[in-house]
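> Have a look at this prediction, sequence included:
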Amino acid sequence: MTDTYPDWAGAIRDVADFPRPGILFKDITPLLADAPGFRAAIAVMAAPWRAANVQAVLGVEARGFILGAALALELGAGFVPVRKPGKLPGATLVQAYALEYGSDRIEVCAGAVAPGTRVLLVDDVLATGGTLAAALLLAQRLEAEVLGAAVLVELDGLGGRQRLPAGLPLRATLVY
Ligand code: AMP
């Protein structure tokens, strides 16, 4: 929360049974459309990483692009898209993973960052942790120095945090 706009988190909408029955979907689109809310959310999300000398943000398609690009600008870092398969040109690294609903693969351009680059992983929601765990593997295959992971929302109880290495700094702005 921020002093200037304490209620920004209220702009995240809960949608029951989307995209399939049993899933409570955290919809950040109303927050993104709310200019002071979006700004407040990015400021709070960036706060733990301001002194970390982040050189590149790895954001996961698609909502991780929106938050990750804003965070990269806020932190003075570059941005690297981690995409769904078939979207990136040239040589890529591919990683399969399981979702809360279904399974998928993500990929990153080979050589997207130089070995040793200080990177921060970013996504909107941490659910079962499969997506971030796969992004971490891609970052490690790039030989990046992974500083940690930042998510706007952590869904506690789905075991996402446990799926990531215990030593990986993981900062969630909101925990539900
Ligand atoms: P997971 O790999 O299970 O941690 O799922 C995280 C990814 O799936 C993120 O990219 C989210 O955008 C999306 N996701 C999973 N569960 C939800 C949810 N309940 N609400 C919104 N997004 C979700």
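Cool, got the structure.
> For the rest of this, base every contact and every neighbour count on C-alpha atoms.
OK.
> Spatially nearest residue to the residue positioned nearest the centre of the chain (excluding sequence neighbours)?
The centroid of the chain falls nearest to Asp123 when counting by CA atoms, centre = their mean (1.3 Å). Leaving aside its chain neighbours, Asp123 sits nearest to Gly64 (4.1 Å; criterion: CA to CA, 6 or more residues apart in numbering).
> ok, that neighbour - contacts?
By CA atoms under 8 Å, 6 or more residues apart in numbering, the contact list for Gly64 reads Val122, Asp123, Asp124.
> and if you look at Glu143?
By CA under 8 Å, 6+ apart, the neighbours of Glu143 are Ala114, Pro115, Gly116, Thr117.
> Likewise for Glu145?
Per CA under 8 Å, 6+ apart, neighbours of Glu145: Pro115, Gly116, Thr117, Arg118, Val119, Ala139.
> Could you tell me what pLDDT the model assigned to the third one?
Looking back up the chat, that one is Thr117. Thr117 carries a pLDDT value of 99.
> ok, it touching Leu58?
No - if you go by CA atoms under 8 Å, Thr117 and Leu58 don't touch, sitting 11.2 Å apart.
> more crowded one of those two?
Leu58 (29 against 18; other CA atoms under 10 Å).
> check which helix or strand covers the more buried one.
strand 56-60 (DSSP states H and E).
> Same question for Pro21.
Assigned by DSSP H and E, Pro21 falls within no helix or strand.
> How about the one 5 residues further on?
Here Lys26, judged by DSSP H and E, is contained in strand 24-27.
> and the next element down the chain from that strand?
helix 29-33.
> Not counting that following helix itself, show me its contacts.
Helix 29-33 is touched from outside by Trp8, Ala9, Ala11, Ile12, Arg13, Gly37, Phe38, with contacts defined as CA under 8 Å, 6+ apart.
> tell me the mean pLDDT over it?
Averaged over helix 29-33, pLDDT sits at 98.
> Check which residues of the next helix or strand after that helix are buried.
Reading on from helix 29-33 to the C-terminus, the next helix or strand found by DSSP H and E is helix 35-46. For helix 35-46, the neighbour count (16 or more other CA atoms under 10 Å) marks Gly37, Phe38, Arg39, Ala40, Ala41, Ile42, Ala43, Val44, Met45, Ala46 as buried.
> Leaving out chain neighbours, which residue sits closest to the fifth one?
On the basis of CA to CA, 6+ apart, the spatially nearest residue to Ala41 that is not a chain neighbour turns out to be Trp8, at 6.9 Å.
> give me phi/psi at Leu88?
When read as degrees, to the nearest 10, the backbone of Leu88 gives phi -100, psi 140.
> wouldn't it be in contact with Ala110 here?
No - assessed by CA under 8 Å, Leu88 is found out of contact with Ala110, at 9.9 Å.
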